[in-house]
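1. fold the following, please.
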Amino acid sequence: MAELDAVIHAPARLRVVATLATLGADDEITFPRLQQLLDMTAGNLSTHLRKLEDAGYVRQSKTHAGRKPVTYLALTPQGRRAFEDYTQALTGLLKGAGA
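-> Numbering: from 1, shown residues only. Down below sits the predicted model:
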C-alpha cells in the first residue's frame with residue numbers, strides 16, 4: 001500500500017497543493033490571490049510554501065509590476081505528480097486497498 005506524502009498531508013499544505021493543482025500546467029497565481037482563496041495569513045502561507053518549495057513541489061517566481069513586487073506561484077511537474085500519487089494513495093486507503 002502506498003504511503004501518504006507527509007509534505008502534502010499537512011492540512012494547510014494539502015489545501016495549497018489542491019488549489020494550485022486546479023491551475024493549468026503553465027498557469028500561475030499571485031501570492032495575494034492564493035492567500036485570499038485559502039483565507040490564510042501571509043506568514044502562515046509563506047511557511048507552508050517554503051516547505052513545498054523545499055520538496056520541489058512549488059515554484060515561486062518574483063517580478064515587478066511597475067515598482068511593486070509580485071510573487072507568482074505554480075506547481076512544478078514534480079509537485080503535480082506528487083499530488084496525483086497522494087490522491088491515488090488516499091483513494092486506495094479510503095477504499096481499503098491493501099487491507
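
2. assign a three-state SS to the closest residue to E28 other than its chain neighbours, would you?
-> Spatial nearest neighbour of E28, excluding adjacent residues (C-beta to C-beta, 6 or more residues apart in numbering): Y72 at 3.9 Å. C-betas here are computed from N, CA, C, even on glycine. Following DSSP: H, G, I helix; E, B strand; the rest coil, we place Y72 in the strand state.

3. what residues of the longest helix seen in the chain count as buried?
-> The helix that spans the most residues within the chain, counting by DSSP state H, is helix 77-95. The neighbour-count check on helix 77-95 (16 or more other C-beta atoms under 10 Å) flags 79-80, 82-83, 86-87, 89-90 as buried.

4. packing partners for it?
-> helix 6-9, helix 11-21 (3 or more C-beta pairs under 8 Å, 6 or more residues apart in numbering; DSSP states H and E).

5. now for the residue positioned nearest the centre of the chain: which residues touch it?
-> By C-alpha atoms, centre = their mean, the chain has its centre lying nearest to V17, at 2.4 Å. By C-beta atoms under 8 Å, 6 or more residues apart in numbering, the residues touching V17 are 8, 52, 57-58, 75, 79, 82-83, 86.
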